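Asks: Build me a structure from this.
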Amino acid sequence: MTDVSPMSARARLRRMATWSRAVKLFQDFRVEQTDPDRFYGTMAADSVAQLACLADLRGAHVLDVGGGPGYWAEEFERAGAAYTPLDADVGELALHGRVPLPGTVIGDGQALPFRDEAFDLVYSSNVAEHVPDPWRMGDEMVRVCRPGGLIFYSYTLWYGPWGGHETAPWHFVNGRFAAERYTRRTGHPPKNVYGESLFPVTMAAGIRWARAHADAEVVDVIPRYLPAGLYWIGRVPVMREFITWNVALILRKR
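Replies: The predicted structure is shown next:
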């Protein structure tokens, strides 16, 4: 994996973050349940394109923490990477009729079953909000990354419009209230249950963790889905928690 200098990486990420991209992503968010191939396909292609701004993926060994039902595998392999997915839930791997990939590892992101410095790039998208200790998971991601390798840690912010996932926007009142309201309205509990499989996580906490990490340096912190013209929001405390939606913490292993 050939790395890109931090300044060049930041510039490439911002060139990619156009208004038209943001509009397409938000349009596709709306069809996650009705057209999953479109939603996950768009997300996977966009993810790999972002990572390609940071490094040449050809020949890179990538760990995807929370790999899911295979859409990301197709894009990473198309980019020439060797791809290892890890997921804690066998059911997630077979979503939408897809077959779990050979070589998929079942395990806990908070205790990754891999040796130190095993991967060139460690990636996780929208998993941190589903584990009780996201910073322990972040530490594990850093641990299994080789020196000079990249960690791309992205998650949905609790105070953003989609923080409660299917229970949104009632999570703004209270997570438990939102889950109970959803159950009353639909007759079944939400997939993402507050306090069990959905936890409040903030951008401020992620930035503190990233900046304080002894074994990694921060390459960039970006509002992942917003256009570059709105990246300034990520520097404004409080406002960023509500508007950013999703943050990507990008680190390089020392």
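Asks: contacts and neighbour counts: CA atoms only from here.
Replies: Noted.
Asks: Any stretches of this structure with poor pLDDT?
Replies: Applying pLDDT under 70 to the chain flags residues 2-4, 6, 90-102.
Asks: for the longest strand along the chain, packing partners?
Replies: For the chain, the strand with the greatest residue count under DSSP state E is strand 145-156. Applying 3 or more CA pairs under 8 Å, 6 or more residues apart in numbering; DSSP states H and E, one finds that strand 145-156 contacts strand 119-125, helix 134-143, strand 246-253.
Asks: to the chain's geometric centre, what's the distance from that strand?
Replies: 10 Å (CA atoms, centre = their mean, to the nearest Å).
Asks: three-state assignment of Asp28?
Replies: What DSSP: H, G, I helix; E, B strand; the rest coil gives for Asp28 is helix.
Asks: can you give me the strands in this structure?
Replies: 2-3, 55-56, 61-65, 82-87, 105-106, 119-125, 145-156, 216-223, 246-253.
Asks: any chance of those strands in a markdown table, plus distance to Arg184 and mean neighbour count?
Replies: As requested, the strands of the chain are exported to a markdown table (distance: least, CA to CA, whole Å; neighbours: other CA atoms under 10 Å):
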| stretch | distance to Arg184 | mean neighbour count |
| --- | --- | --- |
| strand 2-3 | 51 | 14 |
| strand 55-56 | 47 | 17 |
| strand 61-65 | 33 | 24 |
| strand 82-87 | 30 | 22 |
| strand 105-106 | 33 | 18 |
| strand 119-125 | 30 | 24 |
| strand 145-156 | 25 | 24 |
| strand 216-223 | 34 | 20 |
| strand 246-253 | 28 | 24 |
